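> Please work out how this folds:
(one chain, ligands or ions: 2)
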Amino acid sequence: MKPLIAPSILSADFARLGEEVESVLNAGADVVHFDVMDNHYVPNLTIGPMVCKALRDYGIEAPIDVHLMVKPVDRIIPDFAKAGASIITFHPEASEHVDRTLQIIHEHGCQAGLVLNPATPLHYLDHVMDKLDVILLMSVNPGFGGQSFIPSTLDKLKAVRKRINDSGRDIRLEVDGGVKVSNIGEIAEAGADMFVAGSAIFNADDYASVIQTMRDEIAAVTGS
Ligand SMILES: O=C(CO)[C@H](O)[C@H](O)COP(=O)(O)O
Ligand SMILES: [Fe+2]
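Ligands and ions are numbered 1, 2, ... in the order given. You can find the predicted model right below:
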(Lines give C-alpha, C1' and ligand atoms only; values in the text may rest on other atoms or scores of the structure.)
(Ligands and ions follow the chains in the order given, each with its own letter.)
Protein backbone atom coordinates (compact mmCIF):
# COMPACT_ATOMS: atom_id res chain seq x y z
CA MET A 1 0.00 0.00 0.00
CA LYS A 2 1.13 3.56 -0.70
CA PRO A 3 3.05 4.93 2.30
CA LEU A 4 1.05 7.60 4.13
CA ILE A 5 2.53 10.54 6.02
CA ALA A 6 0.31 11.64 8.91
CA PRO A 7 1.48 14.78 10.73
CA SER A 8 0.41 14.80 14.38
CA ILE A 9 -1.24 18.14 15.08
CA LEU A 10 -0.15 17.84 18.71
CA SER A 11 2.93 19.85 17.70
CA ALA A 12 1.04 22.39 15.56
CA ASP A 13 0.39 25.97 16.67
CA PHE A 14 -3.06 25.51 18.24
CA ALA A 15 -3.77 29.23 17.99
CA ARG A 16 -3.68 28.84 14.18
CA LEU A 17 -4.81 25.23 13.86
CA GLY A 18 -6.86 25.51 10.64
CA GLU A 19 -4.03 27.25 8.80
CA GLU A 20 -1.47 24.80 10.17
CA VAL A 21 -3.44 21.77 8.98
CA GLU A 22 -3.99 23.39 5.59
CA SER A 23 -0.26 24.15 5.29
CA VAL A 24 0.85 20.66 6.15
CA LEU A 25 -1.61 19.15 3.64
CA ASN A 26 -0.48 21.60 0.95
CA ALA A 27 3.06 20.50 1.82
CA GLY A 28 2.19 16.94 0.79
CA ALA A 29 0.84 15.22 3.91
CA ASP A 30 -1.77 12.49 3.31
CA VAL A 31 -3.65 12.24 6.62
CA VAL A 32 -4.24 14.46 9.67
CA HIS A 33 -3.29 12.64 12.91
CA PHE A 34 -5.50 13.97 15.72
CA ASP A 35 -4.34 13.12 19.28
CA VAL A 36 -7.08 13.01 21.90
CA MET A 37 -5.84 12.90 25.52
CA ASP A 38 -8.04 12.94 28.62
CA ASN A 39 -5.75 13.52 31.64
CA HIS A 40 -6.88 10.09 32.90
CA TYR A 41 -5.71 7.35 30.53
CA VAL A 42 -2.69 9.58 29.77
CA PRO A 43 -1.30 12.47 31.84
CA ASN A 44 -2.14 15.22 29.35
CA LEU A 45 -5.25 16.97 28.06
CA THR A 46 -5.76 17.98 24.44
CA ILE A 47 -8.65 18.33 22.01
CA GLY A 48 -12.06 16.77 21.40
CA PRO A 49 -14.79 16.37 18.78
CA MET A 50 -15.56 20.11 18.59
CA VAL A 51 -12.06 20.76 17.26
CA CYS A 52 -12.40 17.93 14.74
CA LYS A 53 -15.68 19.45 13.51
CA ALA A 54 -14.07 22.90 13.39
CA LEU A 55 -11.39 21.55 11.04
CA ARG A 56 -14.08 20.07 8.76
CA ASP A 57 -16.03 23.33 8.85
CA TYR A 58 -12.82 25.18 7.97
CA GLY A 59 -12.66 23.08 4.80
CA ILE A 60 -10.23 20.29 5.63
CA GLU A 61 -11.16 17.32 3.40
CA ALA A 62 -8.21 14.97 4.01
CA PRO A 63 -8.75 11.87 6.15
CA ILE A 64 -8.65 12.61 9.88
CA ASP A 65 -7.03 9.83 11.92
CA VAL A 66 -8.33 10.17 15.48
CA HIS A 67 -5.99 8.56 18.04
CA LEU A 68 -8.07 8.17 21.20
CA MET A 69 -6.06 8.14 24.42
CA VAL A 70 -9.17 8.23 26.59
CA LYS A 71 -10.77 5.90 29.10
CA PRO A 72 -13.56 4.90 28.88
CA VAL A 73 -13.54 5.07 25.12
CA ASP A 74 -16.94 3.92 23.78
CA ARG A 75 -19.09 6.92 24.62
CA ILE A 76 -16.93 9.44 22.72
CA ILE A 77 -16.85 7.45 19.45
CA PRO A 78 -20.23 8.59 18.02
CA ASP A 79 -19.28 12.22 18.71
CA PHE A 80 -16.05 11.87 16.73
CA ALA A 81 -17.82 10.10 13.87
CA LYS A 82 -20.34 12.97 13.68
CA ALA A 83 -17.48 15.46 13.87
CA GLY A 84 -15.91 14.06 10.70
CA ALA A 85 -13.36 11.45 11.84
CA SER A 86 -12.28 9.02 9.13
CA ILE A 87 -10.23 6.54 11.18
CA ILE A 88 -10.66 5.99 14.92
CA THR A 89 -8.02 4.07 16.89
CA PHE A 90 -8.03 3.21 20.60
CA HIS A 91 -5.91 1.42 23.20
CA PRO A 92 -7.26 -2.00 24.27
CA GLU A 93 -6.47 -1.19 27.92
CA ALA A 94 -8.99 1.66 27.66
CA SER A 95 -11.87 -0.58 26.53
CA GLU A 96 -13.82 -3.09 28.61
CA HIS A 97 -14.82 -4.95 25.43
CA VAL A 98 -12.41 -4.52 22.54
CA ASP A 99 -14.57 -6.33 19.98
CA ARG A 100 -17.58 -4.17 20.89
CA THR A 101 -15.57 -0.96 20.60
CA LEU A 102 -14.40 -1.96 17.12
CA GLN A 103 -18.02 -2.68 16.22
CA ILE A 104 -19.18 0.74 17.46
CA ILE A 105 -16.54 2.46 15.31
CA HIS A 106 -17.61 0.54 12.20
CA GLU A 107 -21.31 1.08 12.90
CA HIS A 108 -20.59 4.80 12.83
CA GLY A 109 -18.99 4.59 9.40
CA CYS A 110 -15.32 4.97 10.36
CA GLN A 111 -12.30 2.76 9.88
CA ALA A 112 -11.15 1.12 13.11
CA GLY A 113 -7.79 0.38 14.66
CA LEU A 114 -6.10 -0.87 17.80
CA VAL A 115 -3.15 0.96 19.34
CA LEU A 116 -0.49 -1.03 21.18
CA ASN A 117 1.82 0.74 23.61
CA PRO A 118 5.53 -0.18 23.72
CA ALA A 119 4.89 -2.72 26.51
CA THR A 120 1.51 -3.98 25.28
CA PRO A 121 1.74 -7.56 23.95
CA LEU A 122 0.68 -8.49 20.43
CA HIS A 123 -1.81 -11.07 21.68
CA TYR A 124 -4.42 -8.30 21.82
CA LEU A 125 -4.58 -8.73 18.03
CA ASP A 126 -5.32 -12.46 18.22
CA HIS A 127 -9.08 -12.59 17.80
CA VAL A 128 -9.78 -9.31 16.04
CA MET A 129 -7.53 -9.30 12.97
CA ASP A 130 -10.60 -9.64 10.73
CA LYS A 131 -12.10 -6.48 12.24
CA LEU A 132 -9.06 -4.19 11.97
CA ASP A 133 -8.42 -1.61 9.29
CA VAL A 134 -5.37 -0.22 11.08
CA ILE A 135 -2.85 -1.45 13.65
CA LEU A 136 -0.99 1.40 15.34
CA LEU A 137 2.22 0.63 17.20
CA MET A 138 3.28 3.30 19.67
CA SER A 139 7.02 3.87 19.54
CA VAL A 140 6.87 6.12 22.64
CA ASN A 141 4.69 5.94 25.72
CA PRO A 142 1.54 7.90 24.92
CA GLY A 143 0.87 11.34 26.33
CA PHE A 144 3.39 13.76 24.86
CA GLY A 145 4.96 14.77 21.57
CA GLY A 146 8.70 15.19 21.13
CA GLN A 147 9.84 11.93 22.79
CA SER A 148 12.52 9.59 21.44
CA PHE A 149 11.69 6.53 19.33
CA ILE A 150 11.93 3.29 21.36
CA PRO A 151 14.13 0.95 19.23
CA SER A 152 12.40 -2.31 20.28
CA THR A 153 9.44 -1.09 18.19
CA LEU A 154 11.33 -2.24 15.08
CA ASP A 155 11.10 -5.94 16.04
CA LYS A 156 7.47 -5.46 16.99
CA LEU A 157 6.75 -3.88 13.60
CA LYS A 158 8.34 -6.86 11.84
CA ALA A 159 6.19 -9.28 13.84
CA VAL A 160 3.00 -7.35 13.11
CA ARG A 161 3.89 -7.02 9.41
CA LYS A 162 4.14 -10.83 9.30
CA ARG A 163 0.74 -11.20 10.99
CA ILE A 164 -0.82 -8.77 8.50
CA ASN A 165 0.72 -10.55 5.51
CA ASP A 166 -0.43 -13.94 6.89
CA SER A 167 -3.96 -12.56 7.36
CA GLY A 168 -4.22 -11.70 3.66
CA ARG A 169 -6.06 -8.49 4.56
CA ASP A 170 -5.16 -4.89 3.69
CA ILE A 171 -4.50 -3.62 7.19
CA ARG A 172 -2.52 -0.42 7.58
CA LEU A 173 0.52 -0.65 9.88
CA GLU A 174 0.90 2.75 11.52
CA VAL A 175 3.71 3.90 13.77
CA ASP A 176 3.53 6.85 16.16
CA GLY A 177 6.20 8.55 18.27
CA GLY A 178 9.68 9.86 17.60
CA VAL A 179 9.49 9.33 13.84
CA LYS A 180 12.05 11.53 12.07
CA VAL A 181 13.88 11.82 8.75
CA SER A 182 16.83 10.01 10.37
CA ASN A 183 14.91 6.85 11.35
CA ILE A 184 11.93 6.67 8.97
CA GLY A 185 13.87 4.45 6.53
CA GLU A 186 14.49 1.68 9.06
CA ILE A 187 10.90 2.02 10.32
CA ALA A 188 9.60 1.52 6.76
CA GLU A 189 11.99 -1.40 6.28
CA ALA A 190 10.52 -3.02 9.41
CA GLY A 191 7.09 -2.94 7.76
CA ALA A 192 5.26 0.28 8.65
CA ASP A 193 3.25 1.94 5.87
CA MET A 194 1.68 4.86 7.76
CA PHE A 195 3.97 7.27 9.56
CA VAL A 196 2.86 9.72 12.24
CA ALA A 197 5.28 12.58 12.83
CA GLY A 198 4.53 15.59 15.01
CA SER A 199 7.59 17.48 16.19
CA ALA A 200 9.72 16.40 13.20
CA ILE A 201 7.33 18.18 10.83
CA PHE A 202 5.82 21.05 12.82
CA ASN A 203 9.11 22.14 14.39
CA ALA A 204 10.66 22.48 10.92
CA ASP A 205 10.62 25.73 8.95
CA ASP A 206 9.75 24.02 5.69
CA TYR A 207 7.05 21.36 6.05
CA ALA A 208 7.20 20.36 2.36
CA SER A 209 10.91 19.68 2.47
CA VAL A 210 10.66 17.43 5.57
CA ILE A 211 7.73 15.49 4.10
CA GLN A 212 9.50 15.04 0.75
CA THR A 213 12.70 13.89 2.48
CA MET A 214 10.64 11.40 4.52
CA ARG A 215 9.09 10.06 1.30
CA ASP A 216 12.53 9.77 -0.32
CA GLU A 217 13.87 7.85 2.71
CA ILE A 218 10.91 5.46 2.58
CA ALA A 219 11.25 4.98 -1.19
CA ALA A 220 14.97 4.25 -0.81
CA VAL A 221 14.20 1.13 1.24
CA THR A 222 10.81 0.02 -0.09
CA GLY A 223 10.79 1.33 -3.65
CA SER A 224 7.37 2.91 -3.07
O1 LIG B 1 0.24 9.98 20.15
C2 LIG B 1 1.15 10.76 20.34
C3 LIG B 1 1.72 10.91 21.71
O4 LIG B 1 0.99 10.16 22.60
C5 LIG B 1 1.67 11.61 19.20
O6 LIG B 1 0.97 11.29 18.03
C7 LIG B 1 3.16 11.46 18.96
O8 LIG B 1 3.92 11.54 20.08
C9 LIG B 1 3.66 12.37 17.86
O10 LIG B 1 4.61 13.25 18.28
P11 LIG B 1 6.17 13.14 17.90
O12 LIG B 1 6.25 12.81 16.43
O13 LIG B 1 6.69 14.49 18.23
O14 LIG B 1 6.74 12.04 18.75
FE1 LIG C 1 -0.82 9.85 18.26
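
> Identify the residue nearest T46 in space, chain neighbours excluded?
M37 (4.4 Å; CB to CB, 6 or more residues apart in numbering). For glycine as for every other residue, the C-beta is placed from the backbone atoms N, C-alpha and C.

> Now do the SS call for the residue of the chain found nearest ligand 2.
The nearest approach of the chain to ligand 2 comes at H67, 3.8 Å away (CB to the ion). Three-state assignment for H67 (DSSP: H, G, I helix; E, B strand; the rest coil): strand.

> Enumerate every residue touching it.
If a contact means CB atoms under 8 Å, 6 or more residues apart in numbering, then H67 has H33, F34, D35, V36, T89, V115, L136, D176, V196 as its contacts.

> Could you turn the buried ones of the residues you listed into a PyMOL selection?
Selecting the buried subset of those in PyMOL, with 16 or more other CB atoms under 10 Å as the burial test, is done by:
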select buried, resi 33+34+35+36+89+115+136+176+196
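
> And the strands in this structure?
Along the chain, counting by DSSP state E, strands occupy 4-7, 32-37, 64-69, 87-90, 111-116, 134-138, 172-176, 194-197.

> Turn the ones you listed into CSV, columns for distance to D205 and mean pLDDT.
Conversion of those to CSV gives the following (distance: least, CB to CB, whole Å; pLDDT from 0 to 100):
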stretch, distance to D205, mean pLDDT
strand 4-7, 15, 98
strand 32-37, 20, 98
strand 64-69, 25, 99
strand 87-90, 29, 99
strand 111-116, 31, 98
strand 134-138, 28, 99
strand 172-176, 23, 98
strand 194-197, 15, 98
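
> export the ones you listed to TSV and tack on distance to D99?
TSV is the format used below for the strands of the chain (distance: least, CB to CB, whole Å):
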stretch	distance to D99
strand 4-7	26
strand 32-37	21
strand 64-69	16
strand 87-90	12
strand 111-116	11
strand 134-138	15
strand 172-176	19
strand 194-197	23
